[in-house]
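> Quick one, what's the 3D model for this:
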Amino acid sequence: GQAAQETMTSGALNLLLVEDNPGDAALVREMLRPSGAQITVARSLAAALDLLPGSSFDLVLLDLGLPDSRGVDSYRRVAAAAPELPVIVLTGDADMGTAREAVGLGAQDYLYKDDVSESLLQRCIAYALERARSRLQTEHLNTVLKAIRRLGQIIAHERDPHMLVERACELLIGTRGYDASWLMLQAPGGAGYIVTRGSIGDRVAEIPPDSPAPPSICLGRAFKVTDQVVIVAPETCQECGKHLKDPSLTSMTIAIRHGEQTFGGLCVRLPRRIPPTDEEQSLLRDIATDLGMALFNLDNAKKLQGLQDQLLQSQKMEAIGQLAGGVAHDFNNLLTVILSSASLIKDDLPPGQSLEDLEQILQASGRARDLTRQLLAFSRKQLIQPRVLDLNELLTNLEKMLRRLIGEDIELRTVLDLAIHPVKLDPGQFEQIVINLAVNARDAMPRGGGLTIETSEVELDEQAAAEYVSVTPGSYVLVTVADTG
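Here you go, the predicted model:
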């Protein structure tokens with residue numbers, strides 16, 4: 001009884017009175033004046049049916065004896081127009097058979113006009129509202145439970161995070177669980193992806209990284225708490241600018257997390273007459289937990305795939321190295337014969353006599369020998385000889401050769417950070433890498449252009465170092481080679 005009385009007095013009710021008798025309508029108004037209820041009178045069923053669509057009525061008081069409709073047919077038509085609204089039927093007929101039939105069809109209660117008193121009418125309205133609210137709440141909770149079960153099926157099969165949040169939003173609306181939903185993928189400070197469905201509109205949008213603030217007030221609050229649902233009052237939605245057709249709806253927001261990792265946030269707008277009870281909040285936490293686990297698994301799978309790709313590339317390079325090493329080894333044996341024979345011929349020549357072709361053979365063989373040495377180093381059949389040196393000095397010494405290599409049509413520019421620390425590497429290997437990049441740049445700019453070589457010092461954290469094979473966090477010297485091709 002106390003709960004029903006609180007329902008009646010907790011706020012101004014908005015009632016629709018369908019009554020053609022002005023005297024009876026005035027009597028009802030007078031009886032409900034102490035409650036502060038707002039009463040709209042419709043003097044015919046047709047007028048009532050025109051008022052119901054899109055209305056914010058809390059309850060209908062329906063006279064079963066109207067000029068354009070009589071009996072239970074009046075109730076049937078009102079119930080069809082607004083199935084969620086509780087209806088109390090009024091009758092002036094001492095035979096209550098028709099009124100009881102309406103109750104059997106779904107009306108909350110019936111009252112005989114001659115017996116109605118102020119206390120009886122208020123108590124009847126309070127009980128009707130409480131019963132209707134309990135029924136709606138139960139139906140809504142069951143609907144959300146079904147959505148959670150279907151979400152589990154989506155999680156089991158969906159491998160794309162963006163498609164997962166889109167399908168989740170559509171599910172929460174499609175099952176008629178919520179009036180609206182929006183779901184965002186975004187760790188604080190990172191790029192994001194947002195999906196909205198329902199009365200706030202259907203859209204998909206990218207969120208740029210380092211956004212100045214979360215895309216909504218409620219999400220900003222949810223990011224500050226752990227596994228708690230933030231209840232958002234309608235006036236907050238109005239302040240944020242995301243309120244839509246019905247400004248009276250309440251929203252709930254929760255961050256999507258798994259462990260210490262935040263993936264984004266979920267916000268839902270509750271249907272009208274559904275309060276944010278503990279059960280509602282618990283179900284929203286379940287949805288956020290399931291999504292957080294799914295996004296965590298997808299993120300791990302993506303990282304694992306990246307490591308597998310790196311491992312596959314490493315294995316390919318190892319195979320290529322072995323092949324190059326075998327070829328280089330055989331080629332080096334042939335070069336040894338050629339160089340030895342050419343040197344013997346040169347030694348047998350009379351003093352002061354030389355052959356130009358013989359000199360070219362010796363020079364070409366020498367360059368080929370250097371090339372095979374690099375191939376053997378690449379295949380790890382020859383030891384690399386790293387030493388501590390100044391990378392800027394090494395690039396400065398290499399600059400003259402690079403200018404000849406790339407030609408006059410390409411402008412070479414070096415930007416060297418004088419504050420970088422010495423590095424330990426094989427100078428021959430490093431020079432060959434830079435030369436290869438310069439040759440590739442030259443080939444990409446047949447009509448000329450610009451080639452820039454830059455040095456700087458960077459700090460790699462654990463996340464950045466994890467993107468590379470055998471790289472640990474720490475300070476590194478970064479060499480950047482860029483061209484305009």
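
> Helix, strand, or coil at Asp417?
coil (DSSP: H, G, I helix; E, B strand; the rest coil).

> In contact with it, which residues are there?
Asn392, Glu454, Thr455, Ser456, Glu457 (Cβ atoms under 8 Å, 6 or more residues apart in numbering). To be clear about C-beta, it is placed using only N, CA and C from the backbone, and glycine gets the same treatment.

> Could you do Pro386 as well?
By Cβ under 8 Å, 6+ apart, Pro386 lies in contact with Lys424, Leu425, Asp426.

> Any stretches of the stretch 101-250 of the chain with poor pLDDT?
Counting by pLDDT under 70, the stretch 101-250 of the chain contains low-confidence ranges at 176, 187-191, 209-220, 233-248.

> mind running it again at 90?
Counting by pLDDT under 90, the ranges of the stretch 101-250 of the chain that qualify are 101-104, 106-107, 109-119, 122, 128-250.

> Show me where it has its helices.
With helices called from DSSP state H, counting those that start in this stretch, the stretch 101-250 of the chain shows them at 118-157, 161-174, 217-223, 234-240.

> okay if I get the contacts of Pro386 as CSV plus secondary structure and pLDDT?
Formatted as CSV, these follow (DSSP: H, G, I helix; E, B strand; the rest coil; pLDDT from 0 to 100):
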residue, secondary structure, pLDDT
Lys424, strand, 91
Leu425, strand, 89
Asp426, coil, 83
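
> Kindly indicate the member of those with the most neighbours.
Taking other Cβ atoms under 10 Å as the neighbour criterion, Leu425 ranks highest of the contacts of Pro386 with 17 neighbours.

> got a list of what Ala168 touches?
Contact analysis of Ala168 by Cβ under 8 Å, 6+ apart lists Leu151, Ile154, Leu183, Ile287, Leu291.

> what's the farthest-apart pair in the residues you listed?
Ile154 and Leu183 (12.5 Å; Cβ to Cβ).

> Neighbour count for these two, which is higher?
Applying other Cβ under 10 Å to Ile154 and Leu183 shows that Leu183 carries more neighbours, namely 25 against 17.

> and the nearest residue to that one once chain neighbours are set aside, how many neighbours?
Leaving aside its chain neighbours, Leu183 sits nearest to Val165 (4.5 Å; criterion: Cβ to Cβ, 6 or more residues apart in numbering). When neighbours are counted by other Cβ under 10 Å, Val165 registers 26.

> and after the host helix or strand of Val41, which helix or strand comes next?
Taking DSSP states H and E as the definition, one finds Val41 inside strand 38-42. Next helix or strand after strand 38-42 toward the C-terminus (DSSP H and E): helix 45-51.

> what sits against the residue sitting furthest away from the middle of the chain?
In the chain, the residue that sits farthest from the middle, by Cα atoms, centre = their mean, is Pro350; the gap is 82.2 Å. Under the criterion of Cβ under 8 Å, 6+ apart, the contact list for Pro350 is empty.

> Helix or strand for it, just tell me which one.
Using DSSP H and E, Pro350 falls outside every helix and strand.

> so how far is Leu358 from it?
Using Cβ to Cβ, to the nearest Å, Pro350 is found at 13 Å from Leu358.

> same question, Ser199
Per Cβ to Cβ, Ser199 is found 89 Å from Leu358.

> Then Arg100?
Distance, Arg100 to Leu358, by Cβ to Cβ: 123 Å.

> And the residue farthest from the centre of the chain, what's its pLDDT?
Here the pLDDT value assigned to Pro350 is 74.

> The one 4 residues further on too?
We have a pLDDT of 61 for Ser354.

> buried sites along stretch 151-162?
Across stretch 151-162, burial judged by 16 or more other Cβ atoms under 10 Å covers Leu151, Ile154, Ile155, Glu158, Pro161.

> which residues touch the fourth one?
Spelled out, that is Glu158. Here Glu158 is in contact with Leu164, Arg167, Ala294 (criterion: Cβ under 8 Å, 6+ apart).

> same question, Val423
If a contact means Cβ under 8 Å, 6+ apart, then Val423 has Val388, Leu389, Leu391, Val477 as its contacts.

> Now, of those, which are buried?
Leu391, Val477.

> Restricted to strands, list the contacts of Val423.
Val388, Leu389, Val477 (DSSP state E).

> And the residues you listed, which is closest to Val232?
Closest to Val232, out of all of the ones in strands among the contacts of Val423 and judged by Cβ to Cβ, is Val477, at 50.3 Å.

> Distance-wise, check that closest one relative to Val423.
Counting by Cβ to Cβ, the gap from Val477 to Val423 is 5 Å.

> residues shared between the contacts of these two?
Leu391.

> so what strands line up beside the helix or strand encompassing Val60?
Counting by DSSP H and E, the element that carries Val60 is strand 59-63. In the sheet, strand 59-63 lines up against strand 14-18 (parallel), strand 87-91 (parallel) (DSSP bridges).

> Can you tell me what sits against it?
Contact partners of strand 59-63, identified using Cβ under 8 Å, 6+ apart, comprise 13, 15-21, 24, 28, 48, 74-75, 78, 82, 85-92, 107, 125, 128-129, 132.

> Grab the longest helix from the protein for me.
helix 278-348 (DSSP state H).

> Can you check what angle separates that helix from helix 161-174?
170 degrees (axes from the mean of the first three to the mean of the last three Cα atoms, to 10 degrees).
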